[in-house]
Structures are given as structure tokens and as C-alpha cells.
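Q: Below: sequence and its predicted model.
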Amino acid sequence: MYDIIVIGGGPAGLTAAIYARRAGKSVLIFEKDGFGGQMTHSPKIENYPGFNEISGLELSDKMFEQALALGAEIEIDEVVSVSDGDIKKVYTGSSEFEAKAIIIAAGVKHRTLGVPGEEDFIGNGISFCAVCDGAFYADKKVAVVGGGNSAMQEAIMLSERCSEVVMLQDMPYLTGEKTLADIIEAKENVSVLYNCRVISFNGGEEFKGVAVSVDGEERFIECEGCFVAIGLVPGNSFAENTVSLNKYGYIDSDESCTTGKDGIYAAGDCRSKKIRQITTATADGATAALAACRYIDGR
């Protein structure tokens, strides 16, 4: 029996563990892949308070080491379901764990294309976040894959820093809001290739560009970076029968990180929210942990 089980080892989950341990609660963290979540894909982070510059891996290691030093326990396994009640239960493929409270911090995965070269250049030419990495491409040419709201917002932000932005859209039109499309059309340094399918990402040690097919004709787009903006996939499927998910798969929650189920909280990118950054994830982790501690103390 643990006081709190945290599902997810990204910045939200690790911060929740740190706060819960400092409050004297026993904590078990589940992580199925690698600790740090999406921030580990960023080779350089310049907007996290306290560090002028730090890599995502280094920041992740510091959070992980702090949680361990405070006494959090770790379980490398995939959670397949959870149940509520007076005693909460967390199930993996082979084991069952009990807790007084659960914090779901399962994060998201950026939807990827699955084409050759993609895995090789993630974090080294391929990015998923203009807010995080756009500054590294100042005065350079970049591509943006996608044509929805997220892709257009990325392109608009990048257009303020980059010399040229080329959007690669696999449909004959932009699928996001007309207001954003009008802004894109008015940008002199932004162009859109329609009916454009990405074939591969190319380069040797350094990223060189994107091979595409436009209306069946193969072309090569030389650029120094590419932002893939084709959507996010929250990792909440294991909890779909326990907490309420919105139509996009995110956990319905408020700013106090409550889920509507007593003793179950959501933190970080996996919950419904407008801003998904490391700082907002850590804020959620602290909020959820303190709420869970109050819940346990009030039992």
C-alpha cells in the first residue's frame, strides 16, 4: 500500500513525486519508456527558469535524481488499467498495486510520420515545438509538416524568426481555422506545398532536408530544420474506464488537477489544458501532489 502512485515519469510526474515525498508520503512512480518524457527530445532548453541553457536529458536526469534522493520508488512497467474506490488499484500486465491516491501524468506522444530518417533526426533537425526550439533556427529556412491549427501556429511563430518557412500539407487545402490561414497567406516568407506527401528525412551527420512527393512528382526541400505538427496522442487509454476523457483523449480536469474521481488527479500534458510546456507540467505536478496530500490527510 502506497500513499500515492504516480503514473508517468515526465516533468509533471517527477515534480509530483518530489512534492509528495517532501510531504512525507510514500510514492511509487510508474514509467514505461524513459524518464523525462517529451523534453528529452530537446537538445537545448533556454526557457526553463534557473538555467540559461540546459539539455532536455540533463534536466530530466536532475529531476529524476532528486525524486530518487527523496525516497520515491520506481517501477519500470506499463500500466494497463486503474480503478477507483476507497483503495485505488493500479494494474500492470502481471501485477497489482494499491494506493490511497493516484496522480496520472502519462504525458503525450507527438504523432509521427513513420518515414525513413525520422527517428534518426528527432532532436537533431526534426522538432515538434516552435516555442521550445524555434530560436535555434533564426534566419534559417525550415519546413513545417501539417496543415491544421497546430501547424499553422507553428509556421506563424517560426516566420517571425526564420528566413523562410515551407509548409508541407498532404491535402489540397489548409484544414485549420480561416483566420490562421489568412495570416499564413499574408506572410511573405511562408509558402505552402499542397498535396505534398513526405517520403523521407535526409542527411548524414547533419540534417539536410525533406524528400517529398507533390502531386506525384518527387522533390527535395532543402532546409535546416523541420517541425512536425500533425497532432498529439495522449497516453490515457489505460484510464478511459475510470476517469472522463474529452473527445481528443485528454483527461477532463480543472486548474486544481482534479478529475471528478476522489483521490485521482491528472497532471501535465495528458490533461485538458491550453499550454503544454515544461513549466506548466511541473506546476501541475506540484498542484496535483498537494491536492493528493490534502485528500489523504483528510481521510
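A: Here it is on my side, so go on. Numbers count the residues shown, from 1 in each chain.
Q: Can you give me the neighbour number for the closest residue to R111 other than its chain neighbours?
A: Nearest residue to R111 in three dimensions, chain neighbours excluded: G231, at 4.3 Å (C-beta to C-beta, 6 or more residues apart in numbering). Yep, even glycine has a C-beta here, placed from its N, CA and C like the rest. G231 has 15 neighbours, counted by other C-beta atoms under 10 Å.
Q: Would you quantify the distance from G231 to T112?
A: 10 Å (C-beta to C-beta, to the nearest Å).
Q: The closest residue to E96 other than its chain neighbours pairs with what?
A: In this structure, E96 finds its nearest non-sequential neighbour in K89, 6.0 Å apart by C-beta to C-beta, 6+ apart. K89 has these beta-bridge partners by DSSP bridges: S83, E98.
Q: Number the residues from 167 up from this point.
A: I'll keep to 167 as the first residue from here, and by that count the last item is K255.
Q: Who are the contact partners of K255?
A: Residues counted as contacts of K255 (C-beta atoms under 8 Å, 6 or more residues apart in numbering) are 248-249, 262-265.
Q: got the contact list for G291?
A: 367, 369, 372-373, 390-392.
Q: Now intersect these with the helices, please.
A: Among the contacts of G291, DSSP state H puts none in helices.
Q: Let me see the ranges of the strands in the stretch 267-416 of the chain.
A: 274-276, 292-293, 307-311, 330-334, 356-359, 362-369, 373-380, 383-388, 391-394, 398-400 (DSSP state E, counting those that start in this stretch).
Q: Quick check: pLDDT value at N315.
A: On pLDDT, N315 comes in at 89.
Q: Excluding residues flanking it in the chain, which one is nearest it?
A: N315 sits nearest to G342 (C-beta to C-beta, 6+ apart), 3.8 Å away.
Q: and that neighbour, how far is that from Q335?
A: For G342 relative to Q335 (C-beta to C-beta), the value is 10 Å.
Q: Quick check: neighbours shared by the two?
A: Common neighbours of G342 and Q335 (C-beta under 8 Å, 6+ apart) are 313, 317.
Q: out of the two, which sits in the more crowded spot?
A: Q335 (21 against 17).
Q: how about the closest residue to I387 other than its chain neighbours, what does it touch?
A: In space, and not counting its chain neighbours, I387 is closest to V376: 4.7 Å by C-beta to C-beta, 6+ apart. By C-beta under 8 Å, 6+ apart, the contact set of V376 is 309, 311, 334, 364-368, 386-387, 389, 392.
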